[in-house]
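S.K.: Sharing a model that was predicted from the sequence below.
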Amino acid sequence: MKLVTAFVRPEILQDVKTKLYAHDLFSMSITNVLGAGQQKGYTEAYRGVQTEVNLLKKLRLEIALPDEKVEVALQAISEAAKTGQAGDGVIFVQNIERSLRIRTGEPV
C-alpha cells in the first residue's frame, strides 16, 4: 500500500477530483497549506508598504492506495494539475507499513 501526497494549486482541485473519480479513486484527504518552492512568490504594495509574499496558498491531497493504482493516480493528478507554469506542484509517493480501520480494527 502507498500514500500519495500531492501539493497543487487550489483552483485546480475540482479538475483533480474529477480525474481521480473517473478512475474510481474516491477516498482522499485535502488540507489548505502555505508553501514556498520554485515559484518564489511575489511582491505587492499594501497602503504604500512593499511586502514580499513567498508563502503561497496550496492544497495538500493525501490518498492511500493499493500499489497497482498508484500509477493511475499519479497520471490523473499530473494531467489535471499541469499548467506548464512554475508552481504547478509536486507529488510524493511513500510506503505505508500498516493501516487499520478504527471502527472495525481490520487492516485497510
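M.R.: Arrived safely, thanks for sending. Numbers count the residues shown, from 1 in each chain.
S.K.: which residues in this structure form strands?
M.R.: Taking DSSP state E as the test, the strands found in the chain are 2-8, 29-35, 42-46, 49-53, 56-65, 89-95.
S.K.: mind checking how far the fifth one is from the chain centre?
M.R.: When distances are taken as CA atoms, centre = their mean, to the nearest Å, strand 56-65 is centred 3 Å away from the chain's centroid.
S.K.: Now for E52, how many residues are close by?
M.R.: The number of residues packed near E52 is 10, by other CB atoms under 10 Å. No exception for glycine: its C-beta is placed from N, CA and C like everyone else's.
S.K.: Find me whatever residue is spatially closest to it, sequence neighbours aside.
M.R.: Nearest residue to E52, sequence neighbours excluded (CB to CB, 6 or more residues apart in numbering): T43, at 5.2 Å.
S.K.: do you know how far V16 is from V93?
M.R.: V16 sits at a distance of 16 Å from V93 (criterion: CB to CB, to the nearest Å).
S.K.: who's more crowded, these two?
M.R.: The residue with more neighbours, out of V16 and V93, is V16; 23 against 15, by other CB under 10 Å.
S.K.: Relative to Y46, how far out is the residue nearest to that one when sequence neighbours are not counted?
M.R.: Excluding the flanking residues, the one nearest V16 by CB to CB, 6+ apart is A80, at 4.3 Å. Using CB to CB, A80 is found at 33 Å from Y46.
S.K.: go on, V108?
M.R.: From V108 over to Y46 (counting by CB to CB), the distance is 47 Å.
S.K.: How about the contacts made by M28?
M.R.: For M28, the contacting residues are K17, L20, L61, E62, I63, by CB atoms under 8 Å, 6 or more residues apart in numbering.
S.K.: which among these end up buried?
M.R.: Among the contacts of M28, those scoring as buried are K17, L20, L61, I63 (criterion: 16 or more other CB atoms under 10 Å).
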